[in-house]
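K.L.:
Sequence isn't available, so here's the structure alone:
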């Protein structure tokens, strides 16, 4: 199964933006292990060049009953991490969530320091098998 979240545009230094990626239901899937998380910018996207301090973090979170249990994958647009149209970036999985029926996966975008302007359409894909 693949969950996805399309992130909205966000001005540099703006408040966090959180988008729902999906609701887990084991009856529809063959497993419950997060195998990959990918971030990709759409065609025509204005590239973002990574920066040391003023950057953006995209976090993938496990939520149960409205409470965040953990962030299990995250990437920050630091130096060397650039967002380029149609060029996926693997988001490292730092913890494996134990998913239960009705658990939610969401994606949060957070501006660090002065941040970076982010165009609409960044998509995060969460692969579960």
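P.N.:
That came in fine, so what should we check first? Please read all numbers here as calculations on a predicted model, not as lab measurements.
K.L.:
Tell me where the protein has strands.
P.N.:
In the chain, the segments counted as strands under DSSP state E are 2-6, 17-23, 34-40, 55-64, 67-76, 89-90, 104-112, 123-128.
K.L.:
From the chain's centre, how far out is the third one? Work that out for me.
P.N.:
Pointing back at strand 34-40 there. 8 Å (Cα atoms, centre = their mean, to the nearest Å).
K.L.:
Going by contacts, tell me the helices and strands next to it.
P.N.:
Where contact means 3 or more Cβ pairs under 8 Å, 6 or more residues apart in numbering; DSSP states H and E, strand 34-40 is packed against strand 67-76, strand 89-90, strand 123-128. To be clear about C-beta, it is placed using only N, CA and C from the backbone, and glycine gets the same treatment.
K.L.:
contact partners of it?
P.N.:
58, 60, 72-73, 75, 83, 86-93, 96-97, 122-129 (Cβ atoms under 8 Å, 6 or more residues apart in numbering).
K.L.:
That one: partners in the sheet, and parallel or antiparallel?
P.N.:
Within its sheet, strand 34-40 is paired with strand 89-90 (antiparallel), strand 123-128 (antiparallel), according to DSSP bridges.
K.L.:
Same check on the second one?
P.N.:
Sheet pairing for strand 17-23, assigned by DSSP bridges, gives strand 104-112 (antiparallel).
K.L.:
Just checking the distance from the partner strand to the centre of its chain.
P.N.:
Distance, centroid of strand 104-112 to centroid of chain: 6 Å (Cα atoms, centre = their mean).
K.L.:
for the record, mean pLDDT for it?
P.N.:
The average pLDDT within strand 104-112 is 98.
K.L.:
can you list contacts of it?
P.N.:
By Cβ under 8 Å, 6+ apart, strand 104-112 touches 3, 5, 7, 10, 12-14, 16-24, 53-64, 76, 118, 122, 124, 126.
K.L.:
before we move on, what about stretch 67-76?
P.N.:
In contact with stretch 67-76 (Cβ under 8 Å, 6+ apart) are residues 34, 37, 39, 55-63, 81, 89, 91-97, 112, 126.
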